[in-house]
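Trainee: fold the following and give me the result.
(chains A, B, C and D)
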There are 2 protein chains.
Amino acid sequence: MSDAAPGTPATPPPSPWDRRRPARARLTPARTPLSRERVVEAAFTVLDRQGLDKLSMRQVAAELGVTVSALYAHVRSKDDLLELMYARLYEGAAIPEPDPERWREQLRDYARAGRKRLLSHRDMARISMGYAPFTAELLPHVEAFLGLLRTAGLPDRIAAEAGDLISTYIDGFVLGEGMWRERAARPDGEDAESPGPARPDWNGITAEMQDYFASLPADDFPHLRALAGLMVTDSADERFDIGLEIILRGLASYLPDTAADGPKTGGPGQD
Amino acid sequence: MSDAAPGTPATPPPSPWDRRRPARARLTPARTPLSRERVVEAAFTVLDRQGLDKLSMRQVAAELGVTVSALYAHVRSKDDLLELMYARLYEGAAIPEPDPERWREQLRDYARAGRKRLLSHRDMARISMGYAPFTAELLPHVEAFLGLLRTAGLPDRIAAEAGDLISTYIDGFVLGEGMWRERAARPDGEDAESPGPARPDWNGITAEMQDYFASLPADDFPHLRALAGLMVTDSADERFDIGLEIILRGLASYLPDTAADGPKTGGPGQD
DNA sequence: TGTTACGGTGAACAGCGTTCACCAGCTTCC
DNA sequence: GGAAGCTGGTGAACGCTGTTCACCGTAACA
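Mentor: Prediction:
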């Protein structure tokens, strides 16, 4: 303790003429001794900056200024790390008490929150698709979600399947979103070092896709041409809600006609 | 076993006193000079035998008795190869003329066929999720699928989103199926060299999962316990149809009440 | 008979996940 | 005070991956 870490508020002047220290950059930095939490955090940093394909253990280690093997003291494998990241998404997320009168709104809110969670980190949907949510920390969420469906009055068989269906929908939708975003970010096949949130040159790809669809022979692809403007659109929020509404209406059809709100809102004639 | 070109009935006598030939074992076997089609075919063989994680270019090359670099003459990259495999699934698959009277059956048949296609090769759903079906060879299928939805009378906004929704559902469902199957095949984390089709010790995992769910504290997880027997089940066919029916009912709700078949079949009281 | 082009070889490169022998520094005990 | 042990890191290595490139044996063509 004589010369190394006196713990004083002023960081001890590292005596810059001392040749042996700066190369190794403080073996034990005395601050934040690399917990499992810090590894996960660094992994998120790398993920958001470089994407899942470039998320390697070596990159995470570099982000922490540490060797690769050091990570394995806190994480069993890369797969384990990804699962920890996946589980961490759901930390602090709460689900309201099921209210049978408002099951539709609650389900909608739940799905929207799920999508927003996946969007909060780059390529998160790809990670999410790889893991079943049946790990111990996530079971309460599954339980609450199924509770929403069951107290709404849905038959058990329907509720069980609806859970899978909605989860799959959320994952799949966000996965598709990410694919478009990625394809828009690097149209030629670049490295795409950009961070997660919205890109400036974002709607370049939608125009390009719509041009492509419009260029198809009109009598061979009438439907694709007609729907191109609706399939490839900038407003993913709206598209998400439409698909979700289809599912919710399907679920409502299994309930007795006590469905409080008008089941025909926004009926078929909106074209 | 497959290194000596067993194709022809009588291997042409290679004049055994010729010293220069047999060492290199027929550089050009004169049969099947390694076309792009053969590469894809070999990739399917490796995929079904070893799974996507073990599907490497070197394995494909070994399957063909050829060096890795030889593959790159017929395939741009591994990603290209996977996309070719994905596209090949849809070769020869036809979609019937849209019949507005039978749109539900047609959609159901389409979805079931799609699932069966993905099940025809191991880990195929994982590959499928990675690619948007907007490559040139697949556009006719997308077109026909959207035609089914549009001629049924669905509003364009709904039809456009339903295409994505159903495709996502198929992919996601089969992906989940594969995850369970894989987890059942190697409960300890083995290599799992088994081919795709049904495993003998298959329902070991479902019993195990149900035991696990049954072991949860009863007042913390009432819904999970109640639905465990329905969520983890052997009859995936039935589960697939239920989820699909939810979607179809949701779509039907956007049609005027001309819906021919009784929309309340198998109504809510089946619990 | 010489030339050209094809189609495959084999070595190499950079990167990956994971493991293992080692070791600096701190704690604890004799 | 000195020795032992533990903790948490290092750095090198293994075997694997996708991809590229210089090379060359064979075959067809002039």
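Trainee: check contacts around residue A:114.
Mentor: Remark: with contacts taken as Cβ atoms under 8 Å, 6 or more residues apart in numbering or on different chains, residue A:114 is in contact with A:167, A:170. Bear in mind the C-beta positions are built from the backbone N, C-alpha and C, glycine included.
Trainee: ok, then the element right after the helix or strand hosting residue A:180?
Mentor: Per DSSP states H and E, residue A:180 falls inside helix A:156-185. Counting by DSSP H and E, the next helix or strand C-terminal to helix A:156-185 is helix A:204-214.
Trainee: what helices and strands are in contact with that next one?
Mentor: Counting contacts by 3 or more Cβ pairs under 8 Å, 6 or more residues apart in numbering or on different chains; DSSP states H and E, helix A:204-214 packs against helix A:156-185, helix A:222-231.
Trainee: tilt between it and helix A:156-185?
Mentor: Interaxial angle of helix A:204-214 relative to helix A:156-185 (axes from the mean of the first three to the mean of the last three Cα atoms, to 10 degrees): 100 degrees.
Trainee: what comes up buried for helix A:204-214?
Mentor: Buried residues in helix A:204-214, counted by 16 or more other Cβ atoms under 10 Å in any protein chain shown: A:205-206, A:209-210, A:213.
Trainee: reformat these as a markdown table; add distance to residue A:47.
Mentor: Formatted as a markdown table, the buried residues of helix A:204-214 follow (distance: Cβ to Cβ, whole Å):
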| residue | distance to residue A:47 |
| --- | --- |
| A:205 | 22 |
| A:206 | 25 |
| A:209 | 27 |
| A:210 | 31 |
| A:213 | 32 |
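Trainee: if we only consider these, which is nearest to DNA strand C?
Mentor: residue A:205 (26.8 Å; Cβ to the nearest atom of the strand).
Trainee: send the alpha carbons of stretch A:235-247 over as CSV?
Mentor: Output of stretch A:235-247 as CSV, limited to C-alpha atoms (Å, rounded to 0.1, in the frame of the first residue of the first chain):
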residue,chain,number,x,y,z
SER,A,235,-44.4,4.6,-40.0
ALA,A,236,-43.7,1.2,-38.4
ASP,A,237,-45.7,2.2,-35.3
GLU,A,238,-48.9,2.2,-37.4
ARG,A,239,-48.0,-1.1,-39.1
PHE,A,240,-47.3,-2.7,-35.7
ASP,A,241,-50.7,-1.6,-34.4
ILE,A,242,-52.5,-3.0,-37.4
GLY,A,243,-51.1,-6.4,-37.1
LEU,A,244,-51.6,-6.4,-33.4
GLU,A,245,-55.2,-5.4,-33.9
ILE,A,246,-55.8,-8.4,-36.2
ILE,A,247,-54.7,-10.7,-33.4
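Trainee: hmm, who's touching that stretch?
Mentor: A:108, A:111-112, A:115, A:162, A:165-166, A:169, A:173, A:177, A:233, B:157-158, B:161-162, B:164-165, B:246-247, B:250-251, B:254.
Trainee: and those, which of them are buried?
Mentor: Taking 16+ other Cβ under 10 Å as the criterion, what is buried in the contacts of stretch A:235-247 is A:108, A:111, A:115, A:162, A:165-166, A:169, A:173, A:177, A:233, B:157-158, B:161-162, B:164-165, B:246-247, B:250-251, B:254.
Trainee: does stretch A:33-48 reach DNA strand D?
Mentor: Yes. Residues of stretch A:33-48 contacting DNA strand D under Cβ under 7 Å from any atom of the strand: A:33-34.
Trainee: enumerate the residues of the stretch 51-200 of chain A near DNA strand D.
Mentor: By Cβ under 7 Å from any atom of the strand, the residues of the stretch 51-200 of chain A that approach DNA strand D are A:65-70, A:73-74.
Trainee: ok, those vs residue B:142, which is closest?
Mentor: Residue B:142 lies nearest to residue A:68 out of those, by Cβ to Cβ, at 43.7 Å.
Trainee: tally of neighbours for that closest one?
Mentor: For residue A:68, the neighbour count with other Cβ atoms under 10 Å in any protein chain shown is 13.
Trainee: with the one 10 residues further on instead?
Mentor: Around residue A:78 there are 15 other residues, counting by other Cβ under 10 Å.
Trainee: now residue A:241
Mentor: Count around residue A:241 with other Cβ under 10 Å applied: 17.
Trainee: what is the mean pLDDT for the one helix or strand it maps to?
Mentor: Using DSSP H and E, residue A:241 sits within helix A:236-252. Across helix A:236-252, the average pLDDT comes to 98.
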